[in-house]
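> This is a predicted model, with the sequence first.
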Amino acid sequence: MDVAHCHLEGNADAVEFCPHESYRHVLAASTYTLQEGDQPSRAGSISFFDVDADMARLDLCHRVETAGIFDIKWNPVGECGVDPLLAQADADGYLRIHSLGCSSDEVKGWSLREIGDEKISSSMCLFLDWNPSATAITVGLSDGSVSIVSLAESQLETQEIWKAHDFEVWTTSFDIHQPQLVYTGSDDCKFKCWDLRDGPSKLAFQNSKVHTMGVTCIAKNPSDPNTLLTGSYDEYLRVWDVRSISKPVNEMSTCLGGGVWRIKYHPFVSSLVLAACMHNGFSIVNINGGKTEVIETYSKHESLAYGADWHRGVSFHEGKGNATLVATCSFYDRLLQIWMPESDLKLHQDIVL
């Protein structure tokens with residue numbers, strides 16, 4: 001069920017609901033627009049919206065003009081009373097941190113300010129992920145490198161950078177159960193894991209035989225320390241057991257009909273995943289062991305399906321509803337959609353995250 005929509009100022013590539021309790025109504029959406037010409041430039045923006053599903057409203061509250069953005073992520077929920085932080089990875093090779101805080105502004109009640117930046121590389125920053133304690137960020141770069149950046153008292157500092165792959169690193173993520181491990185995926189079709197305890201970072205394992213095209217996303221199951229998902233340009237969603245990385249749990253895997261650009265676990269139902277499938281819209285997938293089933297698709301976008309996220313509202317968790325609000329965005333048509341799945345997601349609620 002469609003709730004609300006709008007068009008952004010640039011090509012839309014990422015959406016992120018704020019996970020912090022007092023700001024769960026805040027949605028961030030980023031853009032990347034290549035300005036061609038004699039001196040081409042990459043422009044971007046982050047737009048912040050107030051989302052009210054009951055009133056079917058999507059109100060723009062603030063916009064920040066930036067370099068072209070490839071990825072944004074809110075910091076994990078941690079200490080009470082700490083303002084939410086939004087990190088951006090951009091085309092100028094910078095990692096930037098924005099702070100969201102309370103404001104006397106009666107219209108929106110919050111304000112935004114940039115609190116730090118770090119020039120990572122002359123290459124483009126393509127992807128980022130926070131460690132569980134929000135003290136470090138891993139960044140994937142267009143030259144095949146991966147960087148680990150520390151954050152302490154609003155100060156960013158590059159701790160390590162190494163050549164991890166032959167081509168673009170489209171995805172990199174901390175293992176939320178073992179944060180000394182970092183996973184990476186690249187256009188070289190390789191999926192790797194690195195151990196940060198050995199500097200320079202030591203390769204823990206790699207698989208270079210399964211993905212037939214670039215590895216675009218990696219997601220660890222928050223409730224299962226052994227299960228991990230990968231998505232690829234080859235259109236397959238694969239389920240892995242990190243104890244045996246030679247092949248996926250289900251060798252047949254699941255073809256989603258478009259390059260799997262983003263995958264997000266449901267905030268409360270551990271078996272459900274939201275996938276952005278580039279040329280084939282968005283899918284909600286139920287994963288039971290190695291078995292995967294597409295339970296719903298969403299095809300209201302007319303361009304590349306890139307950004308996707310679940311809302312973390314408590315009504316579903318408290319049993320007051322059967323669906324969770326979803327935000328999705330697509331690239332060239334610059335469309336941001338807010339919608340509710342039509343499926344009864346509680347039917348899959350075997351394990352609550």
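Received it, and whenever you're ready, just let me know what you need. Numbers count the residues shown, from 1 in each chain.

> For Thr171, pull up the helix or strand it's in.
strand 169-174 (DSSP states H and E).

> ok, and what's touching the helix or strand just after that strand?
Going down the chain from strand 169-174, the next helix or strand is strand 181-186, by DSSP H and E. Residues outside strand 181-186 that contact it (CB atoms under 8 Å, 6 or more residues apart in numbering): 138, 140, 144, 146, 148, 164-175, 191-196, 201, 204, 211, 214-218, 220, 228, 230, 232. Where C-beta positions appear, they are placed from N, C-alpha and C, glycine not excepted.

> what is the orientation angle of strand 181-186 with strand 169-174?
Angle, strand 181-186 to strand 169-174, by axes from the mean of the first three to the mean of the last three CA atoms, to 10 degrees: 170 degrees.

> The helix or strand just after strand 181-186 - contacts with which helices or strands?
Going down the chain from strand 181-186, the next helix or strand is strand 191-195, by DSSP H and E. Counting contacts by 3 or more CB pairs under 8 Å, 6 or more residues apart in numbering; DSSP states H and E, strand 191-195 is packed against strand 181-186, strand 202-207.

> Render the CA-only coordinates of the next helix or strand after the last one in PDB, please.
Sequence-wise, the next helix or strand beyond strand 202-207 is strand 215-220, with elements assigned using DSSP H and E. Extracted as PDB, the C-alpha positions of strand 215-220 are listed here (Å, rounded to 0.1, in the frame of the first residue of the first chain):
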ATOM      1  CA  VAL A 215      29.600  -8.600  -5.300                       C
ATOM      2  CA  THR A 216      27.500  -5.500  -4.400                       C
ATOM      3  CA  CYS A 217      26.200  -6.100  -0.900                       C
ATOM      4  CA  ILE A 218      26.800  -8.100   2.300                       C
ATOM      5  CA  ALA A 219      24.600  -8.400   5.300                       C
ATOM      6  CA  LYS A 220      25.200 -10.400   8.500                       C
END
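
> Direction included, what does strand 215-220 pair against?
Partner strands for strand 215-220, per DSSP bridges, with pairing direction: strand 227-232 (antiparallel).

> gap between the strand it pairs with and the chain center?
Its chain's average C-alpha position is 13 Å from that of strand 227-232, according to CA atoms, centre = their mean, to the nearest Å.

> what's the answer for stretch 119-135, then?
12 Å.

> residues of it that come out buried?
Under the neighbour-count criterion of 16 or more other CB atoms under 10 Å, stretch 119-135 has 120-121, 123-132, 134 buried.

> low-scoring pLDDT stretches of this structure, where are they?
79-81, 103-109, 251-252, 314-322, 349-353 (pLDDT under 70).

> Got phi/psi on the residue in it sticking out farthest from the centre?
What lies farthest from the middle of the chain is Asp38; by CA atoms, centre = their mean that is 33.1 Å. Phi and psi for Asp38, reported as degrees, to the nearest 10, are phi -60, psi -40.

> can you give me the helices for the stretch 201-350 of the chain?
Taking DSSP state H, counting those that start in this stretch to define them, one finds helices in the stretch 201-350 of the chain at 314-317.

> Let me see the ranges of the strands in it.
With strands called from DSSP state E, counting those that start in this stretch, the stretch 201-350 of the chain shows them at 202-207, 215-220, 227-232, 236-241, 254-255, 262-265, 272-276, 282-288, 291-298, 305-310, 326-330, 335-339.

> Adding mean neighbour count and distance to Cys6 as columns, could you present those strands in JSON lines?
Listed next are those as JSON lines, based on neighbours: other CB atoms under 10 Å; distance: least, CB to CB, whole Å:
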{"stretch": "strand 202-207", "mean neighbour count": "15", "distance to Cys6": "40"}
{"stretch": "strand 215-220", "mean neighbour count": "24", "distance to Cys6": "25"}
{"stretch": "strand 227-232", "mean neighbour count": "24", "distance to Cys6": "27"}
{"stretch": "strand 236-241", "mean neighbour count": "22", "distance to Cys6": "29"}
{"stretch": "strand 254-255", "mean neighbour count": "18", "distance to Cys6": "32"}
{"stretch": "strand 262-265", "mean neighbour count": "22", "distance to Cys6": "20"}
{"stretch": "strand 272-276", "mean neighbour count": "27", "distance to Cys6": "18"}
{"stretch": "strand 282-288", "mean neighbour count": "22", "distance to Cys6": "17"}
{"stretch": "strand 291-298", "mean neighbour count": "16", "distance to Cys6": "17"}
{"stretch": "strand 305-310", "mean neighbour count": "26", "distance to Cys6": "13"}
{"stretch": "strand 326-330", "mean neighbour count": "26", "distance to Cys6": "10"}
{"stretch": "strand 335-339", "mean neighbour count": "21", "distance to Cys6": "5"}
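
> Asp2: which of these is closest?
strand 335-339 (5.1 Å; CB to CB).

> List the pairing partners of that closest one within its sheet, with orientation.
Applying DSSP bridges, one finds strand 335-339 paired with strand 2-7 (antiparallel), strand 326-330 (antiparallel).

> Turn those strands into TSV, columns for distance to Tyr306.
Listed next are the strands paired with strand 335-339 as TSV, based on distance: least, CB to CB, whole Å:
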stretch	distance to Tyr306
strand 2-7	15
strand 326-330	6
